[in-house]
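> Everything below, folded, please.
(chains A and B)
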Amino acid sequence: MNRVAVTGIGVVAPGAVGVDAFRSLLAGGRTAITEVDRFDVEGLRGRHAALVRDFSARDFIAPMKMRRMNVLSRLSVAAAKMAFEDAPPVDPATTGVAIGTAFGPVQTSVDYMREYVEKGASLAPPQLFAESVANAPGSHIAIEWGLRAFNVTVTQRESSALAAAMYGASQIVKGAAAAAVIGGVEEVNEMIFSVLDRLGSLGNESRPFDRRRDGLVPGEGSAMLIAEAEGREAYGYLAGFGIARDTTASISNWGDDPHAVVTAMRDAMDDAGLTMRDIDAIYASANSTRRADRVEYCAIQELFGDAAPPVVATKGYFGEYAAGGALQLVAALLAIDEQALHPSCGFEEGDAEMRIDVVRERRPAPLRNVLVNSISAGGGIVCAVVSREAA
Amino acid sequence: MRKPDPNTRIAITGAGIVCAIGRDKAEVWLSIRESRDGIRKLSRLAEETFPTDLAAEVLDELRIPVTKREAKRLSRTDLLALVAANEAIEQASENAPLPRKRAIVSTGTSTGGLLEGEEYYFERLVRGRARAHASRVLQQPTSGPSDAVAKAFGLGGGAISNATACASAGAAIGIAADYLRSRHADVAIAGGSDALCRLTYSGFNVLQAVDEAPCTPFDANRKGITLGEGAAYLVLERWEDATARGATILAELCSYGASCDAHHPTAPAEDGRGAEAAMRAAITDAQVSGVDYVNAHGTGTLLNDSAESRAIQSAVGTKVPVSSSKSYFGHTLGASGALEAVISILALQEQLAPPTLRLREAASDCTPLDYIPHTPRPLAMEHVLSNTFGFGGSNVSLLFRRVL
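Next up, the predicted model:
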């Protein structure tokens, strides 16, 4: 069975810079969501987000290089730097990059358009244009460490980071690369926040799976993982992936067909050569929206019946979209590393028909394999299996 | 993880295209045969003053395969994607229905719904945040075209979007092929789409990468790109599945190579090392001894064309004919890899290599190659390479084989 080792992790998360700080955030059971003070939320229903604070890009990036980077690039390069320092050295010539981002450089486009309006179409700054492509963070990482294998930026909404991990890992298994930087990045900005608010997507507390949930809270940050074909000292292993699509989803909302989620979970277990009995926990996609959380617990109940493993929802800590979805994957790897499940921050009591065991307190448990779900508005679904053992 | 099986052959059973020189394969190929480009004075975005004023726009009315009501919620990039995907799916469905349950959509796009995002931005400046129409930016994310295609055609296998600048569609096709080979899907609708928008039109101008005249790839007087727009999709299936359901196979996707220059955010490595690595990887993976034609990335910029010509020389030698289809329909950014994949497949089917239009004098800073000037050339072709490179030095090279 082909498994891909995760030998290094770097995190710039809301409320936690560095993987140790991120461990503490998850252990504490307290949310990193706060009131938004970055931009004006007057007149909006949503007023909260999980923002990265106490992060100084200067601690990670030389000033000359930093001037050429937007926020996404800075977060990504900083996270990658921590990941590389955490991992044994890789051969840059055979190392690729696969990064996920849901909304990408929207803020840079807005900044560009402001200059465009003020100065004119021919006088906007070229530096902003160079950073207005979604793959700028991946390019900076490649340049900084001389990574010359594939370089792809995946943008599949809430599933972006898991979809990127799936591609990155597939290239290692295929033999097209020996290692890869995989992960994700996201920025909370006024444009996306206000549009999500107008669409009625936002809530003010993230309460995944809780009966009082009433909307998602956006998060940001970056997480980068060093994935390798072989690794002795690994946090865990990427063992399988599955994809499917909910054909009942509209272009901007989640669908309501649990079968599609079941299909993706099955595909991931099958890809890992495992069965339901091998899965010891599920790190859920649940993001505190009425619709997405319900379709997910219905799918888990449908697939596993009464034998469902414990379920952890992590977005109560750092919101939806955080690190393009990569923080959830990191949390699952840390659970395997620590052999303990994290408290599902924000969850108290589920819907009447919900029968799954949502973990509320830190729970030591032998964890061989953990299923990680990501379910997107628009219908895209990606699931992953992360494992403790190399084979 | 299941390894993408290198022995699984990938059949192309459908292809669709829409761009400045035609709304489907027939129209596009007629333009190619007659050496008719689609570069005109910019007609949309006309309220702006740009330093240059040419573009390869899709000016004909689009034949959109969804209702007007549904179309209203989609971006122009989504609509272009739907037109091309519809043609590809219809062709693949000619002999027998195309299985849709385990069909994935893999799309590359650089800008997604940015055009509508810009209009929303302007509206906000005038009307304020509370009164601007937020529904216009529903499709702002670059996941828009994949989601729109999957929804319109009821595809249940999954949606994967990538925004890897101008290499996006090449990557999308490569990703799709790998996932068919690892059996994560049975069918893939893979391609790219990008509509012309203000940010890119202005951005390439401020980078001084736009030619005032129609672009002239590999020419001594080239000064940059001509921006275009369009979409193209392929339908990919495992060979045995395609033959089992009696589908007509247009060509084979043998392999793809991917690499990164790791050199500069916007400029390619001058020695073409990344481009060469991508071409070599495709050739090695396909286990072929050589190729008969290269459909070049050929943007018309000083840096790309000289670097790419060096890379082609190193990877396949100086004898192989090379041309740039961007001389017909401009640089369609994230869609370019898919448009040029369709051109490569048509070239294989027709055994006719498209030319590089307007090439008068081969550039001295480019390796002397056979650039096929002015008119199409009948050519015996078994294998064709199609190059797609992007900002950030991301390179993808696709290798196609003729099927009789």
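> Which residue is the nearest non-sequential neighbour of B:Leu236?
In this structure, B:Leu236 finds its nearest non-sequential neighbour in B:Ala188, 4.3 Å apart by Cβ to Cβ, 6 or more residues apart in numbering or on different chains. In this view, the C-beta of every residue, glycine as well, is placed from N, C-alpha and C.
> and that neighbour, what does it touch?
B:103-106, B:157, B:176-177, B:179-180, B:235-237 (Cβ atoms under 8 Å, 6 or more residues apart in numbering or on different chains).
> Same question for A:Glu158.
A:Glu158 neighbours (Cβ under 8 Å, 6+ apart): A:102, A:285, A:287, A:320-321, A:325, A:374-377.
> could I get these as a markdown table with neighbour count?
As requested, those are exported to a markdown table (neighbours: other Cβ atoms under 10 Å in any protein chain shown):
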| residue | neighbour count |
| --- | --- |
| A:Ala102 | 29 |
| A:Ser285 | 30 |
| A:Asn287 | 34 |
| A:Glu320 | 30 |
| A:Tyr321 | 32 |
| A:Gly325 | 34 |
| A:Ser374 | 28 |
| A:Ile375 | 30 |
| A:Ser376 | 28 |
| A:Ala377 | 28 |
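> from these, which ones fall inside strands?
Applying DSSP state E to those, the entries found in strands are A:374-375.
> hey, where'd the strands end up in chain B?
B:10-19, B:40-41, B:54-55, B:103-108, B:158-162, B:187-194, B:230-238, B:251-260, B:293-295, B:322-323, B:352-353, B:377-378, B:383-390, B:394-402.
> Turn the ones you listed into a markdown table, columns for mean pLDDT and distance to A:Glu302.
Listed next are these as a markdown table, based on pLDDT from 0 to 100; distance: least, Cβ to Cβ, whole Å:
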| stretch | mean pLDDT | distance to A:Glu302 |
| --- | --- | --- |
| strand B:10-19 | 98 | 33 |
| strand B:40-41 | 96 | 55 |
| strand B:54-55 | 96 | 51 |
| strand B:103-108 | 98 | 22 |
| strand B:158-162 | 97 | 19 |
| strand B:187-194 | 98 | 25 |
| strand B:230-238 | 98 | 29 |
| strand B:251-260 | 98 | 36 |
| strand B:293-295 | 98 | 47 |
| strand B:322-323 | 98 | 54 |
| strand B:352-353 | 98 | 54 |
| strand B:377-378 | 98 | 59 |
| strand B:383-390 | 97 | 41 |
| strand B:394-402 | 98 | 39 |
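> looking at these, which is closest to B:Gln287?
strand B:251-260 (8.4 Å; Cβ to Cβ).
> What strands line up against the closest one, and which way round?
Strand pairing for strand B:251-260, using DSSP bridges, gives strand B:10-19 (antiparallel), strand B:394-402 (antiparallel).
> ok and the residue in the stretch 1-150 of chain A nearest chain B?
A:Ser139 (2.8 Å; Cβ to the nearest Cβ).
> does that residue really touch B:Gly390, like I thought?
No - between A:Ser139 and B:Gly390 there is no contact under Cβ atoms under 8 Å: 9.1 Å.
> how about the helices of chain A, start to end?
All helices of chain A, identified by DSSP state H, fall at A:19-28, A:63-66, A:71-86, A:106-119, A:126-130, A:136-145, A:160-174, A:190-198, A:258-271, A:290-304, A:315-318, A:326-338.
> I'd like those written out as CSV, with mean pLDDT added.
Formatted as CSV, the helices of chain A follow (pLDDT from 0 to 100):
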stretch, mean pLDDT
helix A:19-28, 97
helix A:63-66, 95
helix A:71-86, 98
helix A:106-119, 95
helix A:126-130, 94
helix A:136-145, 98
helix A:160-174, 98
helix A:190-198, 94
helix A:258-271, 98
helix A:290-304, 98
helix A:315-318, 98
helix A:326-338, 98
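> So which bits of the stretch 1-150 of chain B are right by chain A?
B:1-4, B:48-51, B:73-74, B:104, B:110, B:112, B:114, B:117-118, B:121-122, B:125, B:129-130, B:134, B:137-144, B:146-148, B:150 (Cβ under 8 Å from any Cβ of the partner chain).
> which of these count as buried?
Buried by 16 or more other Cβ atoms under 10 Å in any protein chain shown: B:1-2, B:4, B:50, B:73-74, B:104, B:110, B:112, B:114, B:117-118, B:121, B:129, B:134, B:137-144, B:146-148, B:150, out of these.
> Return the subset of those residues lying in helices.
B:114, B:117-118, B:121, B:144, B:146-148, B:150.
> Of all pairs in the residues you listed, which one spans the longest distance?
For those, and using Cβ to Cβ, no pair is farther apart than B:Tyr121 and B:Ala150, which are 27.6 Å apart.
> Nearest to chain A: which residue in chain B?
B:Gly392 (2.8 Å).
> burial measure for that residue, as a count.
Neighbourhood size, B:Gly392 [other Cβ atoms under 10 Å in any protein chain shown]: 32.
> same thing with B:Ser43?
Neighbourhood size, B:Ser43 [other Cβ under 10 Å]: 9.
> And the closest residue to it other than its chain neighbours, its phi and psi?
Sequence neighbours aside, B:Glu57 is the residue nearest to B:Ser43 in space, at 6.1 Å (criterion: Cβ to Cβ, 6+ apart). Main-chain dihedrals, B:Glu57, degrees, to the nearest 10: phi -90, psi 160.
> Do I have it right that B:Glu57 meets B:Arg40?
Yes - judged on Cβ under 8 Å, B:Glu57 makes contact with B:Arg40 at a distance of 6.9 Å.
> Render the CA-only coordinates of stretch A:20-34 in CSV, please.
Provided in CSV are the C-alpha atoms of stretch A:20-34 (Å, rounded to 0.1, in the frame of the first residue of the first chain):
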residue,chain,number,x,y,z
ASP,A,20,3.3,23.8,19.1
ALA,A,21,1.1,26.9,19.6
PHE,A,22,-1.5,25.2,17.3
ARG,A,23,-1.4,22.1,19.5
SER,A,24,-2.1,24.3,22.5
LEU,A,25,-5.0,26.1,20.8
LEU,A,26,-6.6,22.7,20.1
ALA,A,27,-5.9,21.3,23.5
GLY,A,28,-7.4,24.4,25.2
GLY,A,29,-10.8,24.0,23.6
ARG,A,30,-11.1,27.7,23.2
THR,A,31,-12.0,29.5,20.0
ALA,A,32,-9.7,31.9,18.1
ILE,A,33,-12.7,33.7,16.7
THR,A,34,-13.0,37.3,17.7
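> How about the contacts made by A:Phe150?
So A:Phe150 contacts A:96-98, A:171, A:176-177, A:180, B:171, B:258-260, B:394 (Cβ under 8 Å, 6+ apart).
> I'd like the distance between it and A:Gly200.
The gap separating A:Phe150 from A:Gly200 is 38 Å, by Cβ to Cβ, to the nearest Å.
> Just want the phi and psi numbers for the residue nearest to B:Gln208 when sequence neighbours are not counted.
Nearest residue to B:Gln208 in three dimensions, chain neighbours excluded: B:Gly224, at 7.2 Å (Cβ to Cβ, 6+ apart). Main-chain torsions, B:Gly224, degrees, to the nearest 10: phi 150, psi -170.
> what about B:Gly224, how many residues close to it?
Neighbour tally, B:Gly224, other Cβ under 10 Å: 24.
> before we move on, what about the one 4 residues further on?
Burial of B:Gly228, expressed as a neighbour count using other Cβ under 10 Å, amounts to 29.
> again, but for the one 4 residues further on
Using other Cβ under 10 Å, B:Ala232 has 35 other residues around it.
> on that earlier part again, how about the helices of chain A, which one is nearest B:Phe400?
That would be helix A:160-174 among the helices of chain A, by Cβ to Cβ, at 19.5 Å.
> so does the closest one get close to chain B?
Yes - against chain B, helix A:160-174 shows contacts by Cβ under 8 Å from any Cβ at A:163, A:167, A:169-171, A:173-174.
> now those in JSON lines, with neighbour count?
JSON lines is the format used below for those (neighbours: other Cβ under 10 Å):
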{"residue": "A:Ala163", "neighbour count": "35"}
{"residue": "A:Tyr167", "neighbour count": "24"}
{"residue": "A:Ala169", "neighbour count": "28"}
{"residue": "A:Ser170", "neighbour count": "28"}
{"residue": "A:Gln171", "neighbour count": "26"}
{"residue": "A:Val173", "neighbour count": "20"}
{"residue": "A:Lys174", "neighbour count": "18"}
